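**Student:** model this:
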Amino acid sequence: MLEDTAISAELASFSHSPNVKRENYPGRHKLADRLTELSCVRVSSRPSASLNLMKQLSRKEELESAYNEEKDTDTKSRILLALKVKHDGVIRAHAARELHRSRAWATIWLQRFEDRGLEGLRTRERSGRPPKLDHRKFVSVKRKVMKNKCGWT
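**Tutor:** Numbers count the residues shown, from 1 in each chain. As a prediction, this is how the structure comes out:
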């Protein structure tokens, strides 16, 4: 029973916690290897801890695949922020500094991620004044400007 309690405590330490230090869990491979080791041992006192760990791993993989597939660089940096803070245990101020952004920026985007998930990190359509030129005329003017060596002048 004492061994089950120790294993449960170790599983709980892998949970989503801001106290997890990056140097202790530098990569997903070490975490996956440890999960494989622990899955071979029976945990009777807290079976939900291993389920939470599996969900966390799948969320991290989902974010990593979204990061690799994303084409918008701003959205990629927001996904990277979420990965660093939520799964690598980096403090949000440090993650913001690594991405050359402000702490306020990190706070805003992490709140949107918590509220809306991955879709909250994408840039939304903005309302505003509709353009006076229709799209066809805009494209023709743009072509003429691009052909002109002088540009707008």
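
**Student:** which stretches of the chain aren't confidently modelled?
**Tutor:** 1-57, 151-153 (pLDDT under 70).

**Student:** Do a quick rundown of the helices in it.
**Tutor:** 2-13, 28-39, 47-69, 73-82, 92-98, 103-116, 135-147 (DSSP state H).

**Student:** What about the nearest residue to Phe113 once chain neighbours are set aside, how many residues nearby?
**Tutor:** Closest residue to Phe113 apart from its sequence neighbours, by Cβ to Cβ, 6 or more residues apart in numbering: Ala82 at 4.9 Å. Any C-beta I mention is one placed from the backbone N, CA and C, and that applies to glycine too. Ala82: 26 surrounding residues under other Cβ atoms under 10 Å.

**Student:** Tell me who's in contact with Ala82.
**Tutor:** Leu63, Trp109, Leu110, Phe113, Leu121 (Cβ atoms under 8 Å, 6 or more residues apart in numbering).

**Student:** likewise Phe138?
**Tutor:** Phe138 touches Pro131, counting by Cβ under 8 Å, 6+ apart.

**Student:** try the one 3 residues further on
**Tutor:** When the contact criterion is Cβ under 8 Å, 6+ apart, the partners of Val141 are Leu133.

**Student:** Tally up the residues packed near Arg126, please.
**Tutor:** Using other Cβ under 10 Å, the number of residues around Arg126 comes to 5.

**Student:** Actually, Glu61.
**Tutor:** 12.

**Student:** Same question for Trp109.
**Tutor:** For Trp109, using other Cβ under 10 Å, the count is 23.

**Student:** ditto for Glu64
**Tutor:** Neighbours of Glu64 (other Cβ under 10 Å): 15.
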